[in-house]
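Student: Got a sequence here, can you build the structure:
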Amino acid sequence: MIRPLFVVFIGLTLLCGVVYPGAVYGLLQVAAPSAANGSPLVIKEVPRGSLLLGQSFSDPKYFWGRISATGYDPTTSGSSHTPAVKQAAIIETRAGALYPEATARRPVPVDLVTESGSGLDPHISVNAARYQVKRVAKARGIPEQQLLSLIENTTEEPQFGFLGQERVNVLRLNLLLDAEQRL
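Tutor: Modelled structure (predicted):
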């Protein structure tokens, strides 16, 4: 009785743990090699980050992404699972500390004060990017219109044209901002 169970266990382990992941990896290497390898953003042969993983930006001269419960560590992705009772207080504290210009007429976009499910989202909404324009323009000493133009140029359409909403990749936006200011 133990031998057939052991054979099934080994067979399923090989099928689900080796064959299937290997086939998916191989297929993706052919169909979408950049995505299969983490969509690295390489500038002048120097890796600057991944377009698929959120990164920490806290300097006022940069656009900030979503808050990460994992510290943007891809090996520990996941949310903090904070009870709903505490969420309101956490959001209020974050909004007040990070965005003192928030008012009832200009509330902080929700994606700037809440965590995502994975804790690694690289995108923010277009509204969240526009919300930060005043702070970034002031910190860099550049016109707000220049930043709005960069946001417009880096806005990505919903996936497949209908899934999700328009969004901005924070890493791409910040690197373009640095490059444009060097010119």
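Student: Hmm, Leu148 and Val133 touching each other?
Tutor: Yes - counting by CB atoms under 8 Å, Val133 does reach Leu148; the two are 6.2 Å apart. (Each C-beta comes from the backbone N, C-alpha and C, glycine too.)
Student: Using the record's domain definitions, break the chain down for me.
Tutor: 1-37, 40-182 (automatic domain parsing).
Student: just checking, next helix/strand downstream of the least confident helix or strand in the chain by mean pLDDT?
Tutor: Counting by mean pLDDT, DSSP states H and E, the weakest-scoring helix or strand in the chain turns out to be helix 84-98, with a mean of 71. The helix or strand immediately downstream of helix 84-98 is strand 123-125, counting by DSSP states H and E.
Student: export whichever helix or strand comes after that following strand as CSV, just CAs?
Tutor: Sequence order places helix 126-131 as the next helix or strand after strand 123-125, per DSSP H and E. The C-alpha coordinates for helix 126-131 follow below in CSV (Å, rounded to 0.1, in the frame of the first residue of the first chain):
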residue,chain,number,x,y,z
VAL,A,126,-2.7,58.8,-13.0
ASN,A,127,-4.6,60.8,-10.4
ALA,A,128,-2.0,59.8,-7.7
ALA,A,129,0.8,60.9,-10.0
ARG,A,130,-0.9,64.3,-10.7
TYR,A,131,-1.5,64.7,-6.9
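Student: who's in contact with helix 126-131?
Tutor: Contact with helix 126-131 is made by 63, 99, 106, 108-109, 111-112, 148, 151, 155, 165-168, 173, as judged by CB atoms under 8 Å, 6 or more residues apart in numbering.
Student: Give the other helices and strands that the helix or strand that it is followed by contacts.
Tutor: Downstream of helix 126-131, the first helix or strand assigned by DSSP H and E is helix 133-140. Using 3 or more CB pairs under 8 Å, 6 or more residues apart in numbering; DSSP states H and E, the elements in contact with helix 133-140 are helix 144-154, helix 170-182.
Student: Between the ones you listed, which has the poorest mean confidence score?
Tutor: When those are ranked by mean pLDDT, helix 170-182 comes last with a mean of 87.
Student: if we can go back for a sec, and of the helices and strands packed on helix 133-140, who's closest to Glu45?
Tutor: Nearest of the helices and strands packed on helix 133-140 to Glu45, taken as CB to CB: helix 170-182 at 14.7 Å.
Student: Could you check how far the residue nearest in space to the middle of the chain is from Pro143?
Tutor: Closest to where the C-alpha atoms of the chain average out (CA atoms, centre = their mean) is Pro122, at 1.4 Å. Separation of Pro122 from Pro143 (CB to CB, to the nearest Å): 26 Å.
Student: Among Val133 and Leu148, which residue is more densely surrounded?
Tutor: Ranked by neighbour count (other CB atoms under 10 Å), Val133 and Leu148 place Val133 first, with 18 against 14.
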